[in-house]
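Q: everything below, folded, please.
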Amino acid sequence: MEILEEVLRRVKPGPEDTIRIQSAVDLVISRLKDLDAEVHGSFRKGTWLKGDTDVDLFVFYPRSVGKEYLAREALREILDRLQGLRTRLAYAEHPYVIVEVDGVEVDVVPALRVESGDQAITAVDRTPFHTRYVTSRLSDEGKDQVRLLKRFLKGIGVYGAEIRVMGFSGYVAELLTIYYGSFLNVLKGASTWKPGTEIVLERETKEFNSPLVIPDPVDPRRNAAAAVSMKSLATMSIASRMFLKEASLDFFYPPSPEPQPVLGEVLVAEIKLLEPYVDDVLWGQIRRSVEKIRNSLLNAGFRVVDVGWCQDERVRLLVQVESTQIGDHHLGQGPPFYLESSTEFILSNRHVWVGDDGKLYALKRRKEVDPERIILNSISLKYKYSVRQYKLTEASDDCTRAFLRKRPLWLK
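A: Here you go, the predicted structure:
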């Protein structure tokens with residue numbers, strides 16, 4: 001298929017790309033002499049994409065030192081070895097160091113050396129076994145098929161296991177390719193997925209309650225696809241179906257959205273973070289705030305169309321409602337007349353009556369009719385932040401235009 005050949009031409013790294021990244025890795029490794037340091041991740045497995053400029057470098061310590069050692073002594077030792085280089089701390093299950101060398105970011109992650117994946121104490125302890133499993137089952141052609149799948153997942157917006165995305169990790173993309181055999185076969189399989197679909201490469205040892213279940217081949221107690229949300233599962237399945245029906249480069253490289261009218265009314269809450277934050281922690285709190293915004297507006301009587309977000313130097317929550325205007329009063333439905341609770345309903349409401357269906361009804365004053373105040377009160381972050389609110393009149397950036405468009409950009 002010509003489209004796939006073109007995509008592969010764009011995403012497959014050349015020798016100069018490999019040399020550039022390897023040079024950065026060699027410099028960092030030279031600072032970690034006498035430590036048990038290994039390169040892993042997509043660069044080691046040969047499934048990385050052209051333009052990717054981050055590499056995973058793990059420094060292993062004996063299992064006996066324990067998890068707490070990684071966050072303190074191990075981190076201190078790594079930072080000491082990397083003095084003089086551009087470094088910054090990042091946080092996942094435990095802290096790690098990001099080193100920038102000539103535009104390449106090397107993530108230096110302390111981990112524990114274990115004998116098998118099911119002995120892992122921290123999530124990253126399984127990494128060598130993931131590398132071994134993938135490299136032993138993917139040919140050079142298979143690695144190119146993974147590259148196609150990764151670019152497809154990026155294009156439709158579901159690549160990444162982080163909380164902001166809740167999509168498909170690079171490792172899951174590799175496992176899917178191993179299981180189905182090729183990029184197109186992954187799409188054929190995905191087009192028939194349903195909630196709770198199980199894909200077992202080796203064995204399963206427990207039941208999982210997730211939209212997509214892929215028992216990790218190196219540790220079947222873990223669902224490798226646990227991060228995949230129902231929305232990401234549905235998006236992947238629909239996009240697979242549509243691509244097989246009418247293939248297009250737009251699935252891999254979606255076009256920029258054209259200007260869009262503001263339909264209904266869109267309220268924006270622009271959040272400015274006033275202190276450093278951990279990305280996954282922040283987005284967990286934002287997702288909970290979004291859910292609270294939706295539920296609070298619905299409970300107040302507003303008809304919510306959609307709630308989305310955009311992120312640049314700030315986070316913008318986009319709340320689309322049919323109208324920001326609702327009446328001061330609303331209809332409250334009570335119990336049928338024959339239930340004991342009907343007496344309490346009558347006593348607690350002034351404007352109350354019996355309906356034709358025998359149920360009690362009351363006209364009640366709304367507690368809140370200002371949607372902007374509801375939105376502001378629903379935002380709850382552990383970090384220091386400020387909020388600016390306004391009503392959207394036009395969309396000047398791609399993210400907001402895509403939100404207003406609704407229809408995925410990969411669909412014409």
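
Q: which residues does stretch 178-197 contact?
A: 1, 4, 134, 137-138, 142, 145, 148-149, 152, 176-177, 199, 201, 210-213, 230, 233, 236-237, 240-241, 243-244 (Cβ atoms under 8 Å, 6 or more residues apart in numbering). Every C-beta, even on glycine, is put in place using the N, C-alpha and C of the backbone.

Q: what's stretch 139-154 in contact with?
A: With contacts defined as Cβ under 8 Å, 6+ apart, stretch 139-154 is touched by 4, 7-8, 10-12, 45-47, 49, 138, 159, 167-168, 170, 173-174, 176-178, 182-183, 186-187, 236, 239, 243, 251-252.

Q: would you mind measuring from Gly157 to Leu8?
A: From Gly157 over to Leu8 the distance is 21 Å, taken as Cβ to Cβ, to the nearest Å.

Q: can I have the buried ones of the contacts of stretch 139-154 as a ChimeraX selection?
A: In ChimeraX, this line selects whichever of these come out buried by 16 or more other Cβ atoms under 10 Å:
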select :4,7,8,11,45,46,47,49,138,159,167,168,170,173,174,176,177,178,182,183,186,187,236,239,243,251,252
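
Q: in helices, which of the contacts of stretch 178-197 fall?
A: Among the contacts of stretch 178-197, the residues falling in helices (DSSP state H) are 4, 134, 142, 145, 148-149, 152, 176-177, 230, 233, 236-237, 240-241, 243-244.

Q: which among these end up buried?
A: 4, 134, 142, 145, 148-149, 152, 176-177, 233, 236-237, 240, 243.

Q: redo those as a markdown table? Include pLDDT and distance to Gln320.
A: Below are these laid out as a markdown table (pLDDT from 0 to 100; distance: Cβ to Cβ, whole Å):
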| residue | pLDDT | distance to Gln320 |
| --- | --- | --- |
| Leu4 | 97 | 36 |
| Val134 | 97 | 41 |
| Gly142 | 97 | 43 |
| Gln145 | 98 | 38 |
| Leu148 | 98 | 34 |
| Leu149 | 98 | 32 |
| Phe152 | 98 | 28 |
| Leu176 | 98 | 33 |
| Thr177 | 98 | 37 |
| Leu233 | 98 | 24 |
| Met236 | 98 | 24 |
| Ser237 | 98 | 25 |
| Ser240 | 98 | 28 |
| Phe243 | 98 | 28 |
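
Q: which of these sits closest to Pro110?
A: For those, the minimum distance to Pro110 (Cβ to Cβ) is 22.3 Å, reached by Val134.

Q: so what's the residue count around Arg373?
A: As a burial measure, Arg373 scores 12 neighbours (other Cβ atoms under 10 Å).

Q: same thing with Glu141?
A: 8.

Q: could I get the pLDDT score of it?
A: Listed pLDDT for Glu141 reads 97.

Q: gap between it and Gly41?
A: The spacing between Glu141 and Gly41, counted by Cβ to Cβ, is 21 Å.

Q: give me phi/psi at the spatially most central residue of the chain?
A: Residue closest to the average C-alpha location in the chain (Cα atoms, centre = their mean): Val165, at 1.7 Å. Here is the backbone geometry of Val165 (degrees, to the nearest 10): phi -100, psi -50.

Q: next: Gly301.
A: Torsion angles at Gly301 (phi, psi; degrees, to the nearest 10) stand at phi 110, psi 0.

Q: unless I'm mixing things up, Arg221 is touching Phe208, no?
A: No - between Arg221 and Phe208 there is no contact under Cβ atoms under 8 Å: 9.8 Å.

Q: quick check: buried residues in stretch 278-298?
A: Of the residues in stretch 278-298, those buried (16+ other Cβ under 10 Å) are 282-283, 285-286, 289-290, 292-294, 296-297.

Q: try stretch 336-351
A: 342, 345-346, 349.

Q: between the two ends of it, how far is it?
A: By Cα to Cα, to the nearest Å, the extent of stretch 336-351 from end to end equals 16 Å.

Q: which residues are in contact with stretch 14-24?
A: Outside stretch 14-24, the residues that touch it by Cβ under 8 Å, 6+ apart are 43, 50, 53, 55, 101-102, 104, 106.

Q: next one: stretch 109-128
A: Stretch 109-128 is contacted from outside by 36, 38, 40-41, 56-63, 65-67, 70-71, 74-75, 78, 92-94, 96-97, 129-130, 216, 218-222, using Cβ under 8 Å, 6+ apart.

Q: repeat that for 7 Å
A: Residues outside stretch 109-128 that contact it (Cβ atoms under 7 Å, 6 or more residues apart in numbering): 36, 38, 40, 56, 58-63, 67, 70, 74-75, 78, 93-94, 96, 129, 216, 218-219, 221.

Q: show the buried residues in those residues.
A: For these, a burial check counting by 16+ other Cβ under 10 Å picks out 38, 40, 56, 58-61, 63, 70, 74-75, 78, 94, 96, 129, 216, 218-219.

Q: which of those fall within helices?
A: Judged by DSSP H, these include 75, 78, 129 as members of helices.

Q: now render those residues as a markdown table, adding distance to Arg86 and pLDDT.
A: A markdown table is the format used below for these (distance: Cβ to Cβ, whole Å; pLDDT from 0 to 100):
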| residue | distance to Arg86 | pLDDT |
| --- | --- | --- |
| Leu75 | 17 | 91 |
| Ile78 | 14 | 94 |
| Phe129 | 31 | 93 |
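
Q: and which of these is nearest to Glu372?
A: Distance to Glu372, by Cβ to Cβ, is smallest for Leu75 among those, at 43.3 Å.

Q: separation between the closest residue to the closest one other than its chain neighbours and Asp54?
A: Distance criterion Cβ to Cβ, 6 or more residues apart in numbering; nearest residue to Leu75, sequence neighbours excluded, is Pro95 at 5.4 Å. Distance, Pro95 to Asp54, using Cβ to Cβ: 17 Å.

Q: also Pro255?
A: According to Cβ to Cβ, Pro255 stands 26 Å off from Asp54.

Q: how about Ser296?
A: Distance from Ser296 to Asp54, counting by Cβ to Cβ: 38 Å.

Q: quick one on the thing from earlier: among the contacts of stretch 139-154, which are located in strands?
A: Nothing among these maps onto strands, per DSSP state E.
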